[in-house]
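K.L.:
Let's see this in three dimensions:
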Amino acid sequence: MRQALKRRLRNFPLKHEVQTLLRKGLKLIKDGKTDEAVKFLPIAYSVIDMACKKHLLHPNNAARKKSQLALALNQSQKKGGKKAVTEEKAAA
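P.N.:
Residues are numbered from 1 along each chain as shown. Okay, the predicted model is just below:
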């Protein structure tokens, strides 16, 4: 139990950082800030890869998270960024 507690305390900051970066990246994309999101993507990828390397995330889970960010960014860029996002909100 003590060992599990030590590992949990050691692993929590990185797992939390992955969650935070994923949320932040999706928020940037949703807000139409594609330029910032493009610059942010390599940082998020790096943290996700580090978590995968340390066995905090399964490789497929890491790939899914990276793919989710890239897919959202690509869709946002195709639609024209913020303008398309605000039109979708108005239509809904």
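K.L.:
among the helices and strands of the protein, which one scores worst on average pLDDT?
P.N.:
helix 82-91 (a mean of 54; mean pLDDT, DSSP states H and E).
K.L.:
Please state the backbone phi and psi of Lys33?
P.N.:
phi -90, psi 70 (degrees, to the nearest 10).
K.L.:
Also Gln68?
P.N.:
Here Gln68 shows phi and psi, under degrees, to the nearest 10, equal to phi -60, psi -40.
K.L.:
quick one: contacts for it?
P.N.:
Gln68 makes contact with Leu22, Leu26, according to C-beta atoms under 8 Å, 6 or more residues apart in numbering. Every C-beta, even on glycine, is put in place using the N, C-alpha and C of the backbone.
K.L.:
and the gap between it and Gln75?
P.N.:
Applying C-beta to C-beta, to the nearest Å, the value for Gln68 to Gln75 is 11 Å.
K.L.:
joint contacts of those two?
P.N.:
Between them, Gln68 and Gln75 have no joint contacts when contacts are counted by C-beta under 8 Å, 6+ apart.
K.L.:
Not including adjacent chain positions, what is the nearest residue to the most centrally placed residue in the chain?
P.N.:
Nearest to the mean C-alpha position of the chain, counting by C-alpha atoms, centre = their mean, stands Leu22 at 2.3 Å. Distances taken as C-beta to C-beta, 6 or more residues apart in numbering place Lys65 nearest to Leu22, at 5.9 Å, with adjacent residues excluded.
K.L.:
swap in Val38?
P.N.:
According to C-beta to C-beta, 6+ apart, the nearest residue to Val38 is Leu73 (7.0 Å).
K.L.:
Correct me if wrong: that neighbour contacts Lys39.
P.N.:
No. The pair formed by Leu73 and Lys39 falls short of the contact definition of C-beta atoms under 8 Å, at 11.2 Å.
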